[in-house]
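> Quick one, structure for this:
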Amino acid sequence: MQRPERTANAADEVEPAAAPGAAPSAPDEPGAPARRRTPEVRLPRWGDRLEVTFERLDDKGHGVGTIARGEDGECEVRVRGALPGARCGVTVVARRRRMVDAKIVEVLAPAPAAVAPRCPHFGPCGGCSFQHLGYEAQLELKRARVATALRPC
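Here you go, the predicted structure:
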């Protein structure tokens, strides 16, 4: 059985119907029906293209950046292979409650500590996570990870 075709953001633009017999009210009035999220506020969906500047690396070595979600706050974007300070175009591949996973489509501005990896199999192999990060920055990252792991709860 095939799923019916859905237009992009169709559910986001629909307002719930008012109660029968109720007078229509403006959305700013206290008794107004609740509106669904607009496309500017919703969590990015699978396949959405985003531009993200990465601020840090998480405990698994993924680059983490944030994007604004309107009045709802921020959404974290996690990408394998992204470095702090890099600005990349990414495509969303999975989403969670307040976070999305993405993959790099293009590097718009490389990270200050980025270097060319020594191994020709660096990207597809996956064995060396930080070859594209300078040695001093690698040491600082690993030092911080050990300090975090040994910190008392």
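
> lowest-confidence helix or strand of the protein?
helix 122-125 (a mean of 78; mean pLDDT, DSSP states H and E).

> ok, residues contacting it?
81, 117, 119, 128, 131-132 (CB atoms under 8 Å, 6 or more residues apart in numbering). Heads up, the C-betas are built off the backbone N, CA and C, glycines and all.

> Select only the buried ones of those residues in ChimeraX?
Restricted to buried positions by 16 or more other CB atoms under 10 Å, the ChimeraX selection for the contacts of helix 122-125 reads:
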select :81,131,132
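
> taking the contacts of helix 122-125 one by one, which sit in strands?
Among the contacts of helix 122-125, no member is found in strands (DSSP state E).

> Give the buried residues for the helix or strand hosting V100.
For V100, the host element (DSSP states H and E) is strand 99-109. Neighbour-count burial for strand 99-109, counted by 16+ other CB under 10 Å, picks out 100-102, 104.

> tell me which of those residues is nearest to V146?
Proximity of the buried residues of strand 99-109 to V146 (CB to CB) peaks at D101, which lies at 25.4 Å.

> give the contact list for the closest one.
The contact partners of D101, by CB under 8 Å, 6+ apart, come to 77-79, 92-95.

> Mind putting those residues into CSV with neighbour count?
Formatted as CSV, the contacts of D101 follow (neighbours: other CB atoms under 10 Å):
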residue, neighbour count
V77, 26
R78, 21
V79, 23
V92, 18
V93, 12
A94, 11
R95, 17
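
> Looking at these, which is nearest P44?
V92 (4.8 Å).
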